[in-house]
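Enquirer: Build me a model:
(2 chains)
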Protein chains: 2
Amino acid sequence: MREVFHQSLEDVQSRLVEIADLVSVAIDKATTAFGTSDVSLAEEVIADDSVIDEKAAALDELAIEILARQQPVARDLRIVVTALRVSASLERMGDIAEHIAQLTRMRFPERAIPKGLKGTFTRMGELDVEIARRLAILLRTEDLEVADEIRNADDAIDELHISVFEKVLSDSWRGEPSATVDATLASRYHERFADHAVSISKKVIYLATGDWTGEDDSSSRSAVVEL
Amino acid sequence: MREVFHQSLEDVQSRLVEIADLVSVAIDKATTAFGTSDVSLAEEVIADDSVIDEKAAALDELAIEILARQQPVARDLRIVVTALRVSASLERMGDIAEHIAQLTRMRFPERAIPKGLKGTFTRMGELDVEIARRLAILLRTEDLEVADEIRNADDAIDELHISVFEKVLSDSWRGEPSATVDATLASRYHERFADHAVSISKKVIYLATGDWTGEDDSSSRSAVVEL
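Expert: Predicted structure coming up:
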């Protein structure tokens, strides 16, 4: 029975990693599509999001089944509950990749990246892809250094997010309202994507160390970044 | 033991209702502050969000304790797992009320509602307040008609959300970039707030009926509304 149980927990972990890998592919394709106005790549991301949704739902059912049948306690219980939360955040990250793909499709054949912000969004996209890849590694290894790297990349995204608003609100901004809308939404999506990864990291750190410090990720951020 | 257990489940439910009531107050104050540029009311919402965060975290700990000590199965287990998910969504709704308050504070003493959109945002705010109040009733009563009302109000919000983009992207739009940014973000916040309520409603319906149909709320919506 113990052995079956540990197999189930390993199954939970490997499924989380699998979903994180899918999210990583989704954000890579979505930001590439966004940067190159590749509408067929954007369509792929939109179509594939349902796979992430289904795998997250299946993982939740497995977690509930483990709770019902094996009634874990202590750390094992925390692992299962954390898996439920992490799967919800991963599912949401998949949704955000889909939103970035939808922006690309909506503007096609125009470019979705507003003029003057190409470099900024290219860098934000690279950082989100890096974050997603590291998140999959973190879920696989529980290596706390990887969690630090995710947080550093999130800080860099936050700075870029602020710089988008500074640009759009500066006297030099010549964008049409549609470019302003696109910049606002795209920047918000990139920033939220990274936030979810940080939130997952904190849950993994907690599992690895038992330390809830800073688990609430809503308090320490500036008003500007909150936008 | 059974009696203690049912007391715990009732405690879970009453705490969810309490948090939903706090979210309801937060969105009421936030949308009032947004509509009237009342920066001190906005500050109240921002300060009070930590209470929602703390109560959600305490509820999660109670739920985990129930799982560990009482090892519920079947419907009781679903109730506890659903409570964990609902508390996460309520906490997020509180964050969104805070974001609306932050927009108000950031533009003060200017008005946060862009010219020409006063009526639209007033109506969106009223609908979000109505949705939050009905959500607390739904959590208290599990009355499925209330869930329908929430969904109808969400449909109305989605239409208003689309109308904001139509306005901002129309030839008649004379707003500065900052007004375009504000309209985009505020509309997105109002729409996401309602989405979370619909997502919670579906979970409550599932508990009441055992029907997961349509529990995934990410698939049926149009690309425009996704923005």
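Enquirer: pLDDT value on residue A:213, please?
Expert: pLDDT recorded at residue A:213 is 44.
Enquirer: and what of the one 3 residues further on?
Expert: Residue A:216 carries a pLDDT value of 46.
Enquirer: in stretch A:115-125, what's buried?
Expert: A:116, A:117, A:120, A:121, A:123, A:124, A:125 (16 or more other CB atoms under 10 Å in any protein chain shown). Heads up, the C-betas are built off the backbone N, CA and C, glycines and all.
Enquirer: Who are the contact partners of the closest residue to residue A:113 other than its chain neighbours?
Expert: Excluding the flanking residues, the one nearest residue A:113 by CB to CB, 6 or more residues apart in numbering or on different chains is residue A:121, at 5.0 Å. Counting by CB atoms under 8 Å, 6 or more residues apart in numbering or on different chains, residue A:121 touches A:31, A:34, A:35, A:113, A:186, A:187, A:190.
Enquirer: Tell me who's in contact with the fifth one.
Expert: By CB under 8 Å, 6+ apart, the contact set of residue A:186 is A:34, A:100, A:103, A:112, A:113, A:121.
Enquirer: okay, now the third one: neighbour count?
Expert: Counted by other CB atoms under 10 Å in any protein chain shown, the residues lying close to residue A:103 total 24.
Enquirer: so it is in which element?
Expert: Assigned by DSSP states H and E, residue A:103 falls within helix A:74-107.
Enquirer: what's the answer for the first one, then?
Expert: With elements taken from DSSP H and E, the one containing residue A:34 is helix A:2-36.
Enquirer: After that helix, which helix or strand is next?
Expert: Per DSSP H and E, the first helix or strand lying C-terminal to helix A:2-36 is helix A:39-70.
Enquirer: Remind me what that following helix packs against, helices and strands.
Expert: If you count contacts as 3 or more CB pairs under 8 Å, 6 or more residues apart in numbering or on different chains; DSSP states H and E, helix A:39-70 packs onto helix A:2-36, helix A:74-107, helix B:74-107.
Enquirer: Report the buried residues of that helix.
Expert: Neighbour-count burial for helix A:39-70, counted by 16+ other CB under 10 Å, picks out A:39, A:41-46, A:48-49, A:52-53, A:55-56, A:59-60, A:62-64, A:66-68, A:70.
Enquirer: Could you tell me the average pLDDT over it, please?
Expert: Computed over helix A:39-70, the average pLDDT equals 96.
Enquirer: likewise stretch A:112-126?
Expert: pLDDT averaged over stretch A:112-126 gives 95.
Enquirer: Same check on stretch A:130-150?
Expert: Taken as a whole, stretch A:130-150 has a mean pLDDT of 96.
Enquirer: Could you do stretch A:19-28 as well?
Expert: Across stretch A:19-28, pLDDT averages out at 98.
Enquirer: is it anywhere near chain B?
Expert: No - Stretch A:19-28 stays clear of chain B (CB under 8 Å from any CB of the partner chain), getting no nearer than 12.9 Å.
Enquirer: in that stretch, what counts as buried?
Expert: Residues A:19, A:20, A:21, A:22, A:23, A:24, A:25, A:26, A:27, A:28 are the ones in stretch A:19-28 that count as buried (16+ other CB under 10 Å).
Enquirer: Can you give the distance of it from its chain's centre?
Expert: Relative to its parent chain, stretch A:19-28 has a centroid offset of 9 Å by CA atoms, centre = their mean, to the nearest Å.
Enquirer: same check, this time on stretch A:70-81
Expert: Taking mean C-alpha positions (CA atoms, centre = their mean), stretch A:70-81 and its chain are 25 Å apart.
Enquirer: cool, and stretch A:155-165?
Expert: When C-alpha coordinates are averaged (CA atoms, centre = their mean), stretch A:155-165 and its chain have centres 16 Å apart.
Enquirer: what about dumping the CA coordinates of that stretch to CSV?
Expert: Taking Å, rounded to 0.1, in the frame of the first residue of the first chain, the C-alpha atoms of stretch A:155-165 are listed here in CSV:
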residue,chain,number,x,y,z
ASP,A,155,11.8,41.2,-11.5
ALA,A,156,13.2,41.9,-15.0
ILE,A,157,9.7,41.4,-16.5
ASP,A,158,8.3,43.8,-14.0
GLU,A,159,10.8,46.5,-15.0
LEU,A,160,9.9,45.9,-18.7
HIS,A,161,6.2,46.1,-17.8
ILE,A,162,6.7,49.5,-16.2
SER,A,163,8.8,50.6,-19.2
VAL,A,164,5.9,49.8,-21.5
PHE,A,165,3.6,52.2,-19.6
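Enquirer: Averaged pLDDT, that stretch. What do you get?
Expert: Averaged over stretch A:155-165, pLDDT sits at 98.
Enquirer: re the thing from before, now do the helix holding residue A:103: which elements does it pack against?
Expert: Packed on helix A:74-107, when contacts are counted by 3+ CB pairs under 8 Å, 6+ apart, are helix A:2-36, helix A:39-70, helix A:177-209, helix B:39-70, helix B:74-107, helix B:223-226.
Enquirer: wait, which of those helices is closest to residue B:5?
Expert: helix B:39-70 (4.9 Å; CB to CB).
Enquirer: Next, the angle helix B:74-107 makes with that closest one.
Expert: 160 degrees (axes from the mean of the first three to the mean of the last three CA atoms, to 10 degrees).
Enquirer: Return the distance of helix B:39-70 from the chain's centre.
Expert: Per CA atoms, centre = their mean, the centroid offset for helix B:39-70 relative to its chain is 14 Å.
Enquirer: list the buried ones in the helix holding residue A:34?
Expert: For helix A:2-36, by 16+ other CB under 10 Å, it's A:8-9, A:12-13, A:15-35.
Enquirer: can you state the direction angle for that helix and helix A:74-107?
Expert: Angle of helix A:2-36 versus helix A:74-107, following the same axes, to 10 degrees, is 20 degrees.
Enquirer: picking that back up, who wins for proximity to residue A:210 among the helices and strands packed on helix A:39-70?
Expert: Judging the helices and strands packed on helix A:39-70 by CB to CB, what sits closest to residue A:210 is helix A:74-107, at 8.3 Å.
Enquirer: any idea of the angle that closest one forms with helix A:177-209?
Expert: 170 degrees.
Enquirer: I'd like the next helix or strand past helix A:74-107.
Expert: Counting by DSSP H and E, the element after helix A:74-107 in chain order, helix or strand, is helix A:118-141.
Enquirer: mind saving the C-alpha coords of that next one as PDB?
Expert: C-alpha atoms of helix A:118-141 as PDB (Å, rounded to 0.1, in the frame of the first residue of the first chain):
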ATOM      1  CA  LYS A 118       9.600  45.400 -30.600                       C
ATOM      2  CA  GLY A 119      12.800  45.100 -28.400                       C
ATOM      3  CA  THR A 120      10.800  45.300 -25.200                       C
ATOM      4  CA  PHE A 121       8.300  42.600 -26.100                       C
ATOM      5  CA  THR A 122      11.000  40.400 -27.600                       C
ATOM      6  CA  ARG A 123      12.800  40.500 -24.300                       C
ATOM      7  CA  MET A 124       9.600  40.000 -22.300                       C
ATOM      8  CA  GLY A 125       8.800  37.000 -24.500                       C
ATOM      9  CA  GLU A 126      12.300  35.500 -24.000                       C
ATOM     10  CA  LEU A 127      12.000  36.000 -20.200                       C
ATOM     11  CA  ASP A 128       8.600  34.300 -20.100                       C
ATOM     12  CA  VAL A 129       9.900  31.300 -22.100                       C
ATOM     13  CA  GLU A 130      12.900  31.100 -19.800                       C
ATOM     14  CA  ILE A 131      10.600  31.300 -16.700                       C
ATOM     15  CA  ALA A 132       8.400  28.500 -18.000                       C
ATOM     16  CA  ARG A 133      11.400  26.200 -18.800                       C
ATOM     17  CA  ARG A 134      12.900  26.800 -15.400                       C
ATOM     18  CA  LEU A 135       9.500  26.200 -13.800                       C
ATOM     19  CA  ALA A 136       9.400  22.700 -15.300                       C
ATOM     20  CA  ILE A 137      12.900  22.100 -14.000                       C
ATOM     21  CA  LEU A 138      11.900  23.400 -10.500                       C
ATOM     22  CA  LEU A 139       8.900  21.000 -10.400                       C
ATOM     23  CA  ARG A 140      11.300  18.200 -11.500                       C
ATOM     24  CA  THR A 141      14.100  18.900  -9.100                       C
END
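Enquirer: Alright, calling it a day.
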